[in-house]
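A.B. asks: the sequence and its predicted three-dimensional model are supplied below.
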Amino acid sequence: MDTDEIEVFVICATDAVERGGAKAFSLSRIDASGESRPFPIVVIRTHDNDYIGYVNACPHDGVWLNIGSGDFFTPDRAFLKCGRHGATFEIDSGLGIDGPCQGKSLEPIALAVVDGEVCLCGERLVEDDQPRDPFDDHDETMEIMIHPE
C-alpha cells in the first residue's frame, strides 16, 4: 500500500468565487520530466455551494474557455462555453454537448474544501520559493508612486 500523502494546495478562499460563478487561476505544474508547465484552471461554484474544477483549456484547440469575453458561461448561465468557437459543456460533468467539442470532455481537476479554502489535490505545483521581504505585507498588489522630475 502506498503511504504517500496526496499533495493539497490552497487555491483561494471559498468566498473568492461567488455562487453560480467561476474564476480562472494561472498555476504552474511540474510535469513527468520535472519541468514547470503552465497549468490554467477554472474553479466553478454552483448555486448548491459545490466547487467543481477543470483545466481551463478547450478540448478543440486548447485555448482558455474564457478567451475574448472573459466569461465562462452561456448567456443563460446553464452551461460552460468556449469563447472562441462557442462549444458548450455541462457544468457538472464537463461533457461537450454542442459545437466542435461535442462528445469530448473538459479535463477535470480534483478540488476539496478545507477550513474555508478551495484546495487543488493530487497535482505537483511549482511553489513560490522566493525569499519574502520581512516588511512585505504579502498583498498581491503593488503600489507604484511616480515622482515628477
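C.D. replies: Alright, I've got the coordinates. Since this is a predicted model, take the numbers as computed values, not measurements.
A.B. asks: where in the protein is pLDDT low?
C.D. replies: Low-confidence regions of the chain, defined by pLDDT under 70, span residues 1-5, 128-149.
A.B. asks: in it, which spans are strands?
C.D. replies: 8-13, 21-30, 36-45, 51-55, 80-81, 88-89, 96-98, 108-114, 117-121 (DSSP state E).
A.B. asks: to residue 127, which of these lies closest?
C.D. replies: strand 8-13 (8.0 Å; Cβ to Cβ). (Each C-beta comes from the backbone N, C-alpha and C, glycine too.)
A.B. asks: list the contacts of the residue nearest to residue 10 when sequence neighbours are not counted.
C.D. replies: In space, and not counting its chain neighbours, residue 10 is closest to residue 117: 4.8 Å by Cβ to Cβ, 6 or more residues apart in numbering. When contacts are counted by Cβ atoms under 8 Å, 6 or more residues apart in numbering, residue 117 is found next to 10-14.
A.B. asks: now swap in residue 56 and tell me
C.D. replies: 24, 40-42, 64-66.
A.B. asks: phi, psi of it?
C.D. replies: Here is the backbone geometry of residue 56 (degrees, to the nearest 10): phi -80, psi 70.
A.B. asks: repeat that for the one 10 residues further on.
C.D. replies: Here is the backbone geometry of residue 66 (degrees, to the nearest 10): phi -90, psi 20.
A.B. asks: how close does it sit to residue 108?
C.D. replies: 17 Å (Cβ to Cβ, to the nearest Å).
A.B. asks: again, but for residue 79
C.D. replies: To residue 108, residue 79 is 16 Å away according to Cβ to Cβ.
A.B. asks: more neighbours: the two, which one.
C.D. replies: Shown here are residue 79 and residue 108; by other Cβ atoms under 10 Å, residue 79 has more neighbours (17 against 12).
A.B. asks: and stretch 15-24, how far out from the chain's middle?
C.D. replies: Mean C-alpha position of stretch 15-24 versus that of the full chain (Cα atoms, centre = their mean, to the nearest Å) differs by 11 Å.
A.B. asks: and the end-to-end length of it?
C.D. replies: 14 Å (Cα to Cα, to the nearest Å).
A.B. asks: and that stretch, what's buried?
C.D. replies: Going by neighbour count (16 or more other Cβ atoms under 10 Å), the buried part of stretch 15-24 is 17, 21-23.
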